[in-house]
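>>> for reference, the sequence and a predicted model appear below.
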Amino acid sequence: TQTLNGLAAAHGRYFGSATDNGELSDTAYTAILGGGEFGQTTPGNSMKWDTIEPTQGTFNYTKGDAIVTFAQQHNLKVRGHTLVWHSQLPGWVSSLPAAQLQAAMENHITQEATHYKGKVFAWDVVNEPFNDDGTFRTSPFYNAMGSAYIADALRTARAADPDAKLYINDYNTDGMGAKSDAMYNLVKSLQSQGVPIDGVGFQGHLAIQYGFPSQMQQNLQRFADLGLDVAITELDVRMVLPRDATKDATQATYYNNVVKACAAVTRCVGITIWDYTDKYSWVPNTFSGQGAALPWDENLAKKPTAYNAIVTGL
Ligand code: XIL
């Protein structure tokens with residue numbers, strides 16, 4: 001039978017879905033997640049700093065390991081997400097004196113990347129370093145080290161796991177614009193300094209009411225032309241609720257456009273949707289009044305419009 005991952009794999013790519021620990025006890029859910037539609041997963045929360053190192057120097061890999069175990073049992077490759085991010089940080093990181101931030105960051109990366117060595121094929125080493133206007137986002141790391149924290153994080157990750165593909169990942173960089181220009185310039189500058197960087201992740205959190213990103217294929221291609229892998233890492237296409245046939249049709253064109261943009265770029269290695277079902281989507285909790293963002297509905301039924309639009313694009 002035809003599957004999303006099977007169609008992607010015919011072109012050397014993967015099609016994956018994020019997941020989370022609570023969902024793994026939902027057997028109807030796991031039957032689909034592990035049933036062949038997907039060839040890759042990303043833990044939605046369980047490898048983030050607040051989960052892994054809630055207290056300085058105390059590491060708890062239980063939740064991340066559970067995702068890895070499920071993935072290994074069902075032939076899903078794992079993208080590690082994420083080592084350095086301003087959000088979902090434990091309080092102790094934000095409270096550290098600036099002079100201690102670099103050592104704490106390096107230790108976190110070294111410990112976590114070493115633990116998952118051989119179990120993840122890629123890491124989002126740095127997540128969301130930019131503001132929407134292309135300036136660097138304030139964070140404990142940026143405040144302590146300036147933008148040099150990015151190079152330091154990448155070098156530290158490479159030393160811990162030389163085989164993992166190292167990514168910088170961000171949102172609202174899917175199309176051409178100030179933010180993707182900033183990412184492009186950052187990556188070029190890292191490369192010119194010999195900093196290890198293998199890929200750029202484009203989250204792909206889209207909303208039909210905001211329009212489709214401009215020139216997505218060309219944008220992906222300019223990063224690929226730097227010798228990098230690119231990936232769509234957190235795709236979902238939300239709408240203002242309630243769902244209707246018109247919105248579903250627009251959503252389907254967005255899914256189709258994203259999949260086609262990736263398919264047209266040889267170095268686009270794969271696509272991950274940010275969970276596959278509205279039952280477990282982050283959207284309604286984050287964007288009030290919005291949802292219905294994924295190709296399976298809250299009853300785990302495929303939405304033919306969105307699903308077929310993905311199939312057609314692959
Ligand atoms: C989201 C998770 O899906 C939610 O469960 C959590 O409450 C907040 O984070 N960009 C990212 C992801 O890189 O880590 C975020 O995941 C969604 C936005």
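Everything's here; your move.

>>> quick one, phi psi at Gln111?
The main-chain torsion angles of Gln111 are listed as degrees, to the nearest 10 and equal phi -70, psi -50.

>>> that one: neighbour count?
Under the neighbour criterion other C-beta atoms under 10 Å, Gln111 is assigned a count of 16. All C-beta atoms are positioned from the backbone trio N, CA, C, and that covers glycine.

>>> next one: the closest residue to Thr266 other than its chain neighbours relative to the ligand, how far apart?
Across the structure, with C-beta to C-beta, 6 or more residues apart in numbering as the measure, the residue nearest Thr266 apart from its sequence neighbours is Ala224 (6.9 Å). Applying C-beta to the nearest ligand atom, to the nearest Å, the value for Ala224 to the ligand is 21 Å.

>>> so Ala224 makes contact with Val265?
Yes. The pair Ala224 and Val265 passes the contact test of C-beta atoms under 8 Å, sitting 5.3 Å apart.

>>> shared neighbours of these two, which are they?
Counting by C-beta atoms under 8 Å, 6 or more residues apart in numbering, the shared contacts of Ala224 and Val265 are Val230.

>>> tell me which parts of this protein are close to the ligand?
For the chain, the residues in contact with the ligand (C-beta under 6 Å from any ligand atom) are 44-45, 127, 203, 234, 282.

>>> buried subset of the residues you listed?
When burial is judged by neighbour count using 16 or more other C-beta atoms under 10 Å, the buried members of the residues of the chain next to the ligand are 44-45, 127, 203, 234, 282.

>>> now the stretch 201-314 of the chain against the ligand: closest residue?
Of all residues in the stretch 201-314 of the chain, Trp282 sits closest to the ligand, with a separation of 3.4 Å (C-beta to the nearest ligand atom).

>>> and that residue, what is it in contact with?
With contact set as C-beta under 8 Å, 6+ apart, Trp282 has these partners: 44, 274-275.

>>> which among those residues gets closest to Pro97?
Gly44 (31.5 Å; C-beta to C-beta).

>>> can you tell me the strand partners of the helix or strand harbouring Trp123 and which way each runs?
With elements taken from DSSP states H and E, the one containing Trp123 is strand 122-127. Partners of strand 122-127 in the sheet, by DSSP bridges, are strand 77-84 (parallel), strand 165-170 (parallel).

>>> can you give me the buried ones in it?
Counting neighbours by 16+ other C-beta under 10 Å, the buried set in strand 122-127 is 122-127.

>>> I'd like to know which of these is nearest to the ligand.
Asn127 (5.1 Å).

>>> list the contacts of the closest one.
The contact partners of Asn127, taken as C-beta under 8 Å, 6+ apart, are 81-82, 84-85, 87, 168-170.

>>> which of these are buried?
Under a neighbour-count criterion of 16+ other C-beta under 10 Å, the subset of those counted as buried comprises 81-82, 84-85, 168-170.

>>> nearest to Ala98, of these?
Each of the buried ones among the contacts of Asn127 was checked against Ala98 using C-beta to C-beta; the closest is Val84, at 15.5 Å.

>>> check contacts around Thr41.
For Thr41, the contact set (C-beta under 8 Å, 6+ apart) comprises 16-19, 33, 67, 70-71, 76-79, 272.

>>> now these in CSV, with neighbour count and distance to Thr305?
Output for the contacts of Thr41, formatted as CSV (neighbours: other C-beta atoms under 10 Å; distance: C-beta to C-beta, whole Å):
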residue, neighbour count, distance to Thr305
Gly16, 30, 21
Ser17, 28, 18
Ala18, 28, 21
Thr19, 28, 23
Leu33, 25, 21
Ile67, 25, 30
Phe70, 20, 29
Ala71, 23, 29
Leu76, 23, 26
Lys77, 19, 28
Val78, 23, 30
Arg79, 30, 27
Thr272, 25, 20
